[in-house]
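> Task: produce atomic coordinates for the following.
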Amino acid sequence: MNPSMEHFENARKLESSQKWKEAQSEYELALEQNPNSVKILLALGSLHSRRENWEKAIEAYQNLVLVNPSDDHFFK
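Below you'll find the model as predicted:
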């Protein structure tokens, strides 16, 4: 497994245990290694939304659209 996916999987486990800050850190580490990952950006945006951190959620979702502008799924 590549390092970004290891961080992603760690983040998912932490998130399921409601360890929000630790999960956020792991998602951010994953994103540093794979900044164009739709999967990571979507998960990070979702985490920020769940925590009502709207500015960070919007930032993650905007980056998601920037890295994948041809996917209209995000506009529906």
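
> in which helix or strand would I find the residue nearest to the spatial centre of the chain?
When CA atoms, centre = their mean is applied to the chain, the residue found nearest the centroid is Leu44 (2.3 Å). Using DSSP states H and E, Leu44 sits in helix 38-50.

> And the average pLDDT for the next helix or strand after that helix is what?
Sequence order places helix 54-67 as the next helix or strand after helix 38-50, per DSSP H and E. Helix 54-67 shows a mean pLDDT of 93.

> Check which residues of helix 54-67 are buried.
For helix 54-67, a neighbour-count test (16 or more other CB atoms under 10 Å) marks 57, 60-61, 63-64 as buried. Any C-beta I mention is one placed from the backbone N, CA and C, and that applies to glycine too.

> where does this structure have low pLDDT?
71-76 (pLDDT under 70).

> and if we set it to 90?
1-4, 64-65, 67-76 (pLDDT under 90).

> what helix or strand does the closest residue to Glu22 other than its chain neighbours sit in?
Distances taken as CB to CB, 6 or more residues apart in numbering place Leu14 nearest to Glu22, at 4.6 Å, with adjacent residues excluded. For Leu14, the enclosing helix or strand under DSSP H and E is helix 3-16.

> So which elements touch that helix?
helix 20-33, helix 38-50 (3 or more CB pairs under 8 Å, 6 or more residues apart in numbering; DSSP states H and E).

> Measure how buried the residue nearest to Asn34 when sequence neighbours are not counted is and give me the count.
In space, and not counting its chain neighbours, Asn34 is closest to Ser4: 3.8 Å by CB to CB, 6+ apart. Applying other CB atoms under 10 Å, we find 19 residues neighbouring Ser4.
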